[in-house]
Structures are given as C-alpha cells and as structure tokens.
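Trainee: need a structure here:
(one chain, ligands or ions: 2)
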Amino acid sequence: MSNLVVGKLKTLIREYPKPVGIVVDYDTTGFRARAETLPWIMIRIGLVAALRSKVKQGCVGVMITASHNPGHDNGIKLVDPRGEMLDQAWEVYANNLCALDDDAEVLWTYLETLMIELNIQPNDDAIIGIAYDNRESSPLLASIVKRAAQALHTVIMDFELMTTPQLHYAIHCYNHDEFHGRFNEISYFEKLCTSFQNLVMITPSNRSLESLAIDAANGVGAFKLAQIRRILKKFIPLDIYNDGRTGHLNEKCGADYVKHYQIAPDGIPLNHYSKFCSIDGDADRLIYFFIDKNNHFRLLDGDRFSVLFLSFLSLKLKEAQLFDGVKIGVVQTAYSNQNSTDYIVKIMKVPVVCVRSGVKYLHHKALDYDIGIYFEANGHGTVLFNDDLKIKVKAASVDQQRTEQQRLAAKQIHTFIDLINETVGDAIANLLATEVILFILNMNLDQWLALYDDLPQRLLKVTVRNRTMIQTTDAERRCTAPAHLQDRIDELVSKYPSGRAFVRPSRTEDIVRVYAEAATQIAADGLADEVQKVVEELTK
Ligand code: 16G
Ligand code: ZN
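Mentor: Numbering: from 1, shown residues only. Ligands and ions are numbered 1, 2, ... in the order given. Prediction:
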C-alpha cells in the first residue's frame, strides 16, 4: 500500500509542485488565494479529507470556492460529516501537511504517524463529496483533490456545481439516518420550495407577494436560483440579475460589494422594483436594499435579519403560547451595529452574545440556545433550533386542546424550521425566509428598516508591514498588541458621542480592518481616520 500511495503522490507533486518558501494558513475560511497558486494545496487537502472521513466513518465535504473574492482567486474548505465546518484540531493537520517539504516520502511519513495516532488504516473506507462554484479554475482544482484522496482509497461523490450551503446540506443529508446515505439536489429544492409554499398557503391573506430583484453576483447561486424561480413562479416573482451569463463574478456586484461600498450593484434596474437583494459568489451571504422615496440607497444587512427573524419567531411563539420557557439568544460580532444590539437587548429583551468574526464561532455559540439566531453584519447567518424545541412545536401544531390560532402559529414556526438551512448560512434559504416573514407580518422594507436606526459607521482597510503585529482579545473588540494601541483608541473614542471603534487583522486579505461608529457620519468617518493614523504610526 505505502509504495502505491507514495508513487501516486510523487506523480501529483511532480505535476503540481509547491512554490519555494510559501507559507499558508488554514483558517475559518479554509485556504484562499490566486487560483494558480493553489494546486499543491489541493493535494494536501485531498489527503486530509480522506483521513477525516476514515476517522468519522462518514462522508466529508470539500468545497472549492473563494466566496466573494474576484474571479481570479479560488479557495478550498472542508465540511464535517454533520454538515458543519471542519473541526479546529484538523485545521492543524492541514497546516502541518502544507508546511512539510514537497516530497512524497515526507508526506507519507507524516500521514502514517497521523494514522497511527488516530487509529485508522490507509485502506479503511473513506468517502468525500466535492462541489465547486463557477470559477474557471474550479474543475482543475477539484480534480487534484480527487486524485490525492483516491490515493488513500477514497470513494468520490462528484456534486460539481453547487453553492457552499448546498454542499453543507448535502453532506448533512448523506450522513443522516433519515436520508440513508443518499442525496440528490432535488431534495434541497424540495425542502426550500415546499416549506415556502406551505407557509404562504397556511397564512390567511388576500395579498400576493411582490417581485424581488436578485443580484446573484454572477455566481453559482444564479443557476440554482433559476430552478427555484421556476418552481415558485406562482407564489413569488423572482427576477435574477447578474446571473453569470455575461458579467464577471463579484465585479461591482454581490453582497460583499453592496455592503462594503453601501451602493447598489451594477446591472440591476433600480426603477422597476421596491425590493432588492444581493447574494455573494457562493451564495452563503445575503443582504437586502431599496431606494427610498427621497431616492436614497438603503441597506438591510445581517443585523437586520437577526431582528426580523427574532421578531417573527417571538411573535409566533407568543401566539402559540410557547414563548415561556424557550431560551432564545442572538449571536453577533464586533461589526454588529450598536443600535441593533440595543434594540434586541433593550426592546426585545433577548440576550446578545458577541463572538469573533467567522461563521464557525457564531454557529458554535448559537448551539447554546433552544433557538439560536446568528448573523454577521455582512449577511452570513442562520437560525438553529434544538431537537426538543422542534418536537414541542410540532406537537403544538396538531394539539386539539389549543385554539386554531395557536395551532396555526405553531405550524408556521414548524414550517419555517423546514425552510431554514441549519447547517450553515444559506442566502437562498434566507431570501425565501425573509420574503415569507415580510408577507406574514405584512411589512415592506421601509417598515423593516424603521424598526431601529443604525448608528453611522465606517469601515477602512489599512495596509501595514505585517498584519500579525495586531493582536486582539474580547471577541476582537480590543487590541493587546502593539503596545499602547488600545489606549490610544480608547482616548479617541472617548471624544465622540456614541463612539465605538476597533482594529483587527483580516484573515482573508493582507490588511488590517478599522471599524468605527459614532452619532453622525462625519464623526464616524473622523474617528475611523484617526484610528487609521494611530494604526499606521504604531505598526511602522
Ligand atoms: C470569511 C468568513 C466570515 C468572516 C470573514 C472575515 C466564513 C465562512 N466566512 O468570509 O464569516 O466574517 O471571513 O473576513 O467563516 P476578514 O477576516 O477578512 O475580515
Ligand atoms: Zn460566501
């Protein structure tokens, strides 16, 4: 066996050598870089995926995407058998493999040691499911992962073109008893569309749903949305723009662009609709926007989804007489607008916890609740419901001791749970969830936005010599290095009414991010500029 594996690895290494002196780091987003620099990493990740599958005795997912990055980038991340992000201990194995010399014998020695430590054999069964987004480089990178994994006796399930959340869901289904080791894309579309239709149909109303214009970032989501549009055409008109047929991926469009620049994307007719949304390149982020009556661009970001989903669920739990005793919590990051946090805590009386950026940190924390709602301000998030709560809600929906209104509310929650993709934030599922909540609550985007006013904010990118000089604590809200940086930020913040600012090194770009908010836009801009100057001065 070992000679065979070493032989296959030798061939792969010869074809896709590791550049000299390169150092990479698997973090919350996996690996991400210019596509042409990635092939050698694919070999290592293919091996890690195979081992992870052997250990877990389940199917492991491999997603090839660079999300909202430009089309020339690509990336890779692994999905654990429950459909969740890769266990953090395994990030270390991925990094260790990448740090080794480009030599098949060396790689094999490391793998052998690891297999002994993990108590697995090279020829134990392994299965991985691979999917990719619509970047030109994706099929080649996927083929390298497959070949490396196959060297370790691995069965490959080729999902080809999929969104990141679809792959998470596919992996969850594949490993879940209920699905008996099967998954096909139809079950994903059925889950979303059937629950959406049911929610619309059980809700008494004589209104119909208004058209939604979707900016699909010229990404893989466009192709999947086209199928949803067809299935749901009698229920909601979904008009897809930036659909990947002509424009470039994430170029002047997509959720990240719209959120970052706070402007409408190119390629969408602003005069024709009252509701718009943007998803990102791999369809795991969503933001909404509209043009108000004064012709101003208005954004509804991830914080707004937390508030909307929470309002809906609290109301329906109360109507179903299920609210008491249910532990609901909202998980946010440092980027969440302070006014959203205040609204949730002070007005809605629901606790908020802040964790560091990165979906897996939010997801993990949300598991502490019966209903855990988490969204990053950038539009990535979902809702998690624990099993007891699901059973309780289902029972209430058919409980003849309850009034019809109480049963209906329980049924609405139960159907809403079906619509949500609990494995990871899913822009397509969340878009349908948002539409149906607005329909049930009879709200338009103006009313949704009016729930609270955002504090003006400014986000800056700062280029420094070495971004790891900046170290943070307290969910990335305070700096511990370089010395004096936090004191200087505190001093600046104290000059601004409602001021708040923090600095953190990006994990996806070679820059430092500065965030500031304050009572006015001028003040937020001023505070961000002042903090930027201090960062530049102390990292010279
Ligand atoms: C990635 C993360 C996102 C986080 C962002 C921070 C996932 C799937 N995505 O996009 O959650 O907000 O990185 O990026 O975890 P930054 O470190 O460059 O600010
Ligand atoms: Zn994404």
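
Trainee: let's verify the residue of the stretch 51-200 of the chain found nearest ligand 1: helix, strand, or coil?
Mentor: Closest residue of the stretch 51-200 of the chain to ligand 1, Cβ to the nearest ligand atom: residue 67 (5.8 Å). Any C-beta I mention is one placed from the backbone N, CA and C, and that applies to glycine too. Following DSSP: H, G, I helix; E, B strand; the rest coil, the label given to residue 67 is coil.

Trainee: is stretch 210-222 in proximity to ligand 1?
Mentor: No. Taking Cβ under 6 Å from any ligand atom as the criterion, stretch 210-222 and ligand 1 are apart, separated by no less than 13.9 Å.

Trainee: quick one: that stretch to chain centroid distance?
Mentor: Chain-centre distance of stretch 210-222: 17 Å, with Cα atoms, centre = their mean, to the nearest Å.

Trainee: identify the residues contacting the spatially closest residue to the residue of the stretch 51-200 of the chain closest to ligand 1 that is not a sequence neighbour.
Mentor: Closest residue in space to residue 67, ignoring its immediate chain neighbours: residue 282 at 4.9 Å, by Cβ to Cβ, 6 or more residues apart in numbering. Counting by Cβ atoms under 8 Å, 6 or more residues apart in numbering, residue 282 touches 63, 65, 67, 133, 163-164, 219-221.

Trainee: give me the neighbour count for residue 509.
Mentor: Neighbour count of residue 509, defined by other Cβ atoms under 10 Å: 13.

Trainee: tell me who's in contact with it.
Mentor: Taking Cβ under 8 Å, 6+ apart as the test, what residue 509 contacts is residue 461.

Trainee: quick check: residue 264 is in a helix.
Mentor: No. Counting by three-state DSSP, residue 264 is not part of a helix but coil.

Trainee: which residues are in contact with it?
Mentor: Residue 264 is in contact with 258, 270, 276, 289, 291, 297, counting by Cβ under 8 Å, 6+ apart.

Trainee: again, but for residue 231
Mentor: Counting by Cβ under 8 Å, 6+ apart, residue 231 has contacts 189, 193.

Trainee: quick one, phi psi at it?
Mentor: phi -70, psi -40 (degrees, to the nearest 10).

Trainee: in terms of helices and strands, where is residue 189?
Mentor: Here residue 189 sits within helix 185-202, counting by DSSP states H and E.

Trainee: looking at the closest residue to ligand 2 within the chain now. What's its pLDDT?
Mentor: Ligand 2 sits closest to residue 67 of the chain, with a gap of 3.1 Å, by Cβ to the ion. On the pLDDT scale, residue 67 is placed at 95.

Trainee: doesn't residue 75 make contact with it?
Mentor: Yes. If you go by Cβ atoms under 8 Å, residue 67 and residue 75 touch, sitting 7.2 Å apart.

Trainee: shouldn't residue 294 be within a strand?
Mentor: No. Going by three-state DSSP, the assignment for residue 294 is coil, not a strand.

Trainee: for the residue nearest to residue 67, give its distance to ligand 1.
Mentor: From residue 282 across to ligand 1, the span is 9 Å (Cβ to the nearest ligand atom, to the nearest Å).

Trainee: ok now the host helix or strand of residue 413, how far from the chain's centre?
Mentor: Per DSSP H and E, residue 413 falls inside helix 404-419. In terms of Cα atoms, centre = their mean, the centre of helix 404-419 is set 26 Å apart from its chain centre.

Trainee: now the angle from it to helix 185-202?
Mentor: Counting by axes from the mean of the first three to the mean of the last three Cα atoms, to 10 degrees, helix 404-419 points 160 degrees away from the direction of helix 185-202.

Trainee: in terms of neighbours, single out the busier of residue 67 and residue 75.
Mentor: Neighbours per residue, other Cβ under 10 Å: of residue 67 and residue 75, the larger number sits with residue 67, 28 against 23.

Trainee: the lowest-mean-pLDDT helix or strand in the chain pairs with which strands, parallel or anti?
Mentor: For the chain, the helix or strand with the lowest mean confidence is strand 31-34, at a mean of 91 (criterion: mean pLDDT, DSSP states H and E). If you go by DSSP bridges, strand 31-34 pairs up with strand 73-79 (antiparallel).
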